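[1] could you work out the structure for the sequence below:
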Amino acid sequence: MADVFYGVAGHPVSHSLSPVLINIVAQYVSNQTKSAPKFNVKQTDLVSAEQIQDALAWGYVKSTPEPINWDLTGAPFGKFRNKALMQKVLEATAEITQSIDGLVEEKPSHVPTNLPFNLKIELPTKSFPEEVWLNLTSPLKHQLKSPAVVDFNDSSLIESVNALRWDGFGWWSTNVDGSGVARVAQYFGVGITNGAILGIIGGGGAARSTARTWQKLGGKVLNLGGKRDLDNYDWFDSEISSEKRCDVLINFDDDTIPSDVKVTGFVMNASYQMLEGDHTDRVSAITNQVVDGRWLLSAQHLECWRQLWAPHAANLLPSLDLLVSMLVTAESVLASYS
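    Down below sits the predicted model:
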């Protein structure tokens, strides 16, 4: 059994749903078969950090100097309330074996199973007794630049890291933002390898990862501007179009949809907002025409497991739609006790 110490680092992080995902996926994988690898989430933390060294320090000491309250419960991790409510979440999600009615059924895929990360990197083929897993968010993604960290999936090239693993001897790192976007597009039937056009607004770490991955899969990327410019990077080749037309649009700067852009497929939100209402209201929020950020978050989380944290358990992971279903159920459970 692997004892997993998990943290989400950045600023702010109090709203993060990743602590829910790590617990329900660990439970799901561990319960698949008697011979399945077992993952015990020993500790979960929200790490408020604006410097990468503070995030890495958590990985070594596994504690935070000033625990912050989690928005979903109003209590810091390690306290009784969070432990009790997470147990309620695990009890509820353990009973879910099918995705929520109304989610789009998976269409025939045109995206290769192996998304483009560096296959030459030889990761451990099993979990260690103690694992440290870390997700990075803004403003930390671009700060990790060290030859002591083994990275793949073009993390160094795009200057963005959002997932780390400590194996007891050293750090491994990657970026799964782009792989997550590709998985969501795959789920909704977008043929990236056929040259599907992705319209991107923004040029930050997530945008760079997405542009790089989309192009490596054979798709085209239309740079629609934003706070930072993708054209500043030598590896990026923007699609030239007489009109602003794309199959999928994702805005990494905010949730606005430019009126002069024609989207023939769907719009994907890069972020997510807290939901209100009962379970039915919450389901409606993730099944409307704009793809909610929970799809992307869930896909990215699965890619962390698949690519970095436990690739030997990749065939035991829940499907994307099942994980989204469990996440919405988990949020409903937590909301019922707020």
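[2] I figured residue 176 hits residue 162, correct?
    Yes: with contacts defined as CB atoms under 8 Å, residue 176 counts as touching residue 162 at a distance of 6.4 Å. For every residue, glycine as well, the C-beta is placed using N, CA and C.
[3] between those two, which contacts overlap?
    Any residue near both residue 176 and residue 162 by CB atoms under 8 Å, 6 or more residues apart in numbering counts here, and that gives 209, 300.
[4] those two: who's more crowded?
    Comparing residue 176 with residue 162 by other CB atoms under 10 Å, the one with more neighbours is residue 176, at 30 against 26.
[5] ok, the more buried one to residue 191 distance?
    Between residue 176 and residue 191 the distance, using CB to CB, to the nearest Å, works out to 21 Å.
[6] contact partners for the residue nearest to residue 175 when sequence neighbours are not counted?
    The spatial neighbour of residue 175 that comes closest, neighbours along the chain excluded (CB to CB, 6 or more residues apart in numbering), is residue 209 at 4.5 Å. Residue 209 makes contact with 153-154, 158, 160, 162, 175-179, according to CB under 8 Å, 6+ apart.
[7] pick out the residue closest to the middle of this structure.
    The structure's the chain has its C-alpha centroid closest to residue 300; by CA atoms, centre = their mean the separation is 2.7 Å.
[8] ramachandran angles for that one?
    In this entry, residue 300 is assigned phi and psi values of phi -60, psi -40 (degrees, to the nearest 10).
[9] can you get me a residue count around residue 255?
    As a burial measure, residue 255 scores 13 neighbours (other CB under 10 Å).
[10] would you quantify the distance from it to residue 286?
    Using CB to CB, one gets 15 Å for the distance from residue 255 to residue 286.
[11] what of residue 51?
    With distances defined as CB to CB, the gap from residue 51 to residue 286 amounts to 34 Å.
[12] what about the two, which has more around it?
    The residue with more neighbours, out of residue 51 and residue 286 and counting by other CB under 10 Å, is residue 286; that gives 22 against 13.
[13] quick one: contacts for the more buried one?
    With contact set as CB under 8 Å, 6+ apart, residue 286 has these partners: 103, 292, 294-295, 324, 328.
[14] if we use 10 Å, what do you get?
    By CB atoms under 10 Å, 6 or more residues apart in numbering, the contact set of residue 286 is 100, 102-103, 272, 275, 292-295, 298, 324-325, 327-328.
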